[in-house]
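1. test case, fold it:
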Amino acid sequence: MPYIDGFVIAVPTANRQKFIEHARHFDGLFLELGALRVIEGWGDDVPDGKVTDFRRAVQATADETVAFSWVEWPDKATRDAGMKKMMEDPRMDPSTPGNPPMPFDGKRMIFGGFEQVVEVKA
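-> Numbering: from 1, shown residues only. As a prediction, this is how the structure comes out:
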């Protein structure tokens, strides 16, 4: 059964291209470690809610855009093994030469793993 990791991040709007470059640098590693696909979304229609919303969830400021990303894995076992390898991989170390700096405040990122329970296709 597919397994999904989801991420919501507040990114300085001025860092859009840096965010894309950061994603292109690291997203290939997810695929190398078994992910089926990685999607990076840049907020385009992210309304303010009456009780809660994406912007509040990550404490986005007026000069930030919410990015929504997910990684699709074939199953949880592949995800767990892949994430373990990823955290041990020196390519994930921000001090490694050639690694782009994180273009957002990682402390405000929300993330989690999700078991797929419904899939509807066209």
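
2. tell me where this structure has strands.
-> 3-12, 37-42, 64-73, 110-115 (DSSP state E).

3. want to throw these into CSV with distance to Met92 and mean pLDDT?
-> Where C-beta positions appear, they are placed from N, C-alpha and C, glycine not excepted. Listed next are the strands of the chain as CSV, based on distance: least, Cβ to Cβ, whole Å; pLDDT from 0 to 100:
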stretch, distance to Met92, mean pLDDT
strand 3-12, 15, 97
strand 37-42, 15, 97
strand 64-73, 14, 97
strand 110-115, 15, 96
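
4. could these be laid out in a markdown table, adding mean neighbour count?
-> Output for the strands of the chain, formatted as a markdown table (neighbours: other Cβ atoms under 10 Å):
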| stretch | mean neighbour count |
| --- | --- |
| strand 3-12 | 20 |
| strand 37-42 | 14 |
| strand 64-73 | 20 |
| strand 110-115 | 12 |
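
5. would a markdown table of those with distance to Leu31 be doable?
-> A markdown table is the format used below for the strands of the chain (distance: least, Cβ to Cβ, whole Å):
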| stretch | distance to Leu31 |
| --- | --- |
| strand 3-12 | 13 |
| strand 37-42 | 7 |
| strand 64-73 | 9 |
| strand 110-115 | 17 |
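
6. pLDDT below threshold where in the protein?
-> Across the chain, nothing is flagged by pLDDT under 70.
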